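Q: prediction below, plus the sequence it came from.
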Amino acid sequence: MGEVLSQNEIDSLLAALSNGELDAEDIKQQDEKQVRNYDFARPAKFSKEHLRTLEIIYEHYGRLVSTNLPMYLRKNVQVSVASSETVAFSEFSNALSNPVILGIVNFQPLKGSMMIELSPNLGYAIIDRMLGGRGDALDKYRDFSEIELVILEKIMVLCMQLMKDPWRNVIEINPLLERIETNPQFAQIIAPNDMIAIVTLNVRIGDVDGFMNICLPFFTIEDVIDKLNTKFWYSTMKDSDDEDYSLYVEDLIRRAEVPVKAYLGQSIITVSDFANLQIGDIIKLDTKADESLPVFVGNIKKFMAVPGKSGDGYAVRVTSVIREEE
């Protein structure tokens, strides 16, 4: 709707026209609309609303990666959305370096596949960390070995599983990592002129920075493209109450490993006797054979148990639980 002028503004405008202070031709030129060229060979299939919704989805995804990946790398991981854009697949593939880490993902139940590109320096840092190093990147890129690709595949599968929850408001997906390619020529999953949406994530592992590019072809998400708007996305969000959050935290805690030790007893001997111990020597402990043994979880005395065997190995059977008030 155009701007409504008051009577005083109309009178002032007519007076300016009659006095020659304002030219009618200038007004016509100002009203002309700017024409923008449209390339029919590269149609804009993704709107700004679609890209914005994808950013929201992968902001959620980045938080999940930042929470779960440190459990495997034992390193601080920070993930944030850097940008989103739509380009032709040929532009994306031509910009890839060699070697590159490209995960080809079957985006079930949607048709077709999507890709995840991980910067090589992040890949080297992950491999170094998983093999016991400090998580440093290489100064000079080289091809990945078969063993290194197996390690990267384990991390990529984890990243795929974390993608289920962010997409749940749009569709229930079951992403499956089909393979990892290090040569861009072997990752031509769609036609060069097909349009794709790219969501770029900024990933920081310790002191190593890099990018993770999520490549989503229009052909793959065409069936749910109408649901990629913020109104639909927020309307289908499920309220996560404190109970759901506590169950999620409890599930993470249950997967944590803790040391469990059962003490048979103690004894005091001289250093000379200890140095001369031989096979068959007997050390007398301060406990009896039928006496219960304390079982420690970490450094906390938690159970009482009796010794025994399970198959060919030694074991203990818990007889009582020590409560905190005890």
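A: Thanks, I have the structure now. Bear in mind the structure is a predicted one, so any value in this text is a computation, not a measurement.
Q: ok, now which ones touch Lys302?
A: Neighbouring residues of Lys302 by Cβ atoms under 8 Å, 6 or more residues apart in numbering: Val295, Phe296, Val321, Ile322. C-betas here are computed from N, CA, C, even on glycine.
Q: mind checking how far it is from Lys261?
A: Separation of Lys302 from Lys261 (Cβ to Cβ, to the nearest Å): 10 Å.
Q: next: Glu148.
A: Applying Cβ to Cβ to Glu148 and Lys261 gives a distance of 36 Å.
Q: flag the shaky bits of the protein, pLDDT-wise.
A: 1-8, 20-44, 230-245, 248, 324-326 (pLDDT under 70).
Q: mind checking the longest helix of it?
A: helix 48-68 (DSSP state H).
Q: may I have that one as CSV, with CA atoms only?
A: C-alpha atoms of helix 48-68 as CSV (Å, rounded to 0.1, in the frame of the first residue of the first chain):
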residue,chain,number,x,y,z
LYS,A,48,15.9,-17.1,2.3
GLU,A,49,13.2,-18.6,4.6
HIS,A,50,14.5,-22.1,3.6
LEU,A,51,18.1,-21.2,4.4
ARG,A,52,17.1,-19.5,7.7
THR,A,53,15.3,-22.7,8.8
LEU,A,54,18.3,-24.8,7.8
GLU,A,55,20.5,-22.5,9.9
ILE,A,56,18.2,-23.1,12.9
ILE,A,57,18.3,-26.9,12.4
TYR,A,58,22.1,-26.9,12.2
GLU,A,59,22.5,-24.5,15.1
HIS,A,60,20.8,-27.3,17.2
TYR,A,61,23.0,-29.8,15.5
GLY,A,62,26.1,-27.8,16.4
ARG,A,63,25.2,-27.8,20.1
LEU,A,64,24.8,-31.6,20.0
VAL,A,65,28.2,-32.1,18.3
SER,A,66,29.8,-29.7,20.9
THR,A,67,28.3,-31.8,23.7
ASN,A,68,28.9,-35.4,22.4
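Q: now what about that helix, what contacts it?
A: Outside helix 48-68, the residues within contact range by Cβ under 8 Å, 6+ apart are 77-81, 84-86, 158-159, 162-163, 165-167, 170, 197, 199, 201, 203, 214, 216, 225, 228-230, 233.
Q: swap the cut-off to 7 Å and go again
A: With Cβ atoms under 7 Å, 6 or more residues apart in numbering as the test, helix 48-68 has contacts from 77-81, 84, 86, 158-159, 162-163, 165-167, 197, 199, 201, 214, 225, 228-230, 233.
Q: please pick the buried ones from those.
A: 77, 79, 81, 84, 86, 159, 162-163, 166-167, 197, 199, 201, 214, 225, 228-229, 233 (16 or more other Cβ atoms under 10 Å).
Q: from the contacts of helix 48-68, which land in strands?
A: Val77, Gln78, Val79, Ser80, Val81, Ser84, Thr86, Ala197, Val199, Leu201, Ile214 (DSSP state E).
Q: just list whatever residues bridge to the closest residue to the fourth one other than its chain neighbours.
A: It refers to Ser80. In this structure, Ser80 finds its nearest non-sequential neighbour in Asn202, 5.1 Å apart by Cβ to Cβ, 6 or more residues apart in numbering. Under DSSP bridges, the beta-bridge partners of Asn202 are Ser80, Phe211.
Q: before we move on, which element is Glu148 in?
A: Taking DSSP states H and E as the criterion, Glu148 maps to helix 146-161.
Q: would you mark the buried spots in that helix?
A: Buried-residue list, helix 146-161, by 16+ other Cβ under 10 Å: Glu148, Leu149, Ile151, Leu152, Ile155, Met156, Cys159, Met160.
Q: all strands of the stretch 1-150 of the chain, in order?
A: Counting by DSSP state E, counting those that start in this stretch, the stretch 1-150 of the chain has strands at residues 77-88, 101-108, 113-118.
Q: just name the most buried of those.
A: Highest mean neighbour count of the strands of the stretch 1-150 of the chain: strand 113-118, a mean of 23 (counted as mean count of other Cβ atoms under 10 Å).
Q: next, the angle from that one to strand 101-108.
A: 150 degrees (axes from the mean of the first three to the mean of the last three Cα atoms, to 10 degrees).
Q: parallel or antiparallel, list what pairs with strand 113-118.
A: Applying DSSP bridges, one finds strand 113-118 paired with strand 101-108 (antiparallel), strand 208-217 (antiparallel).
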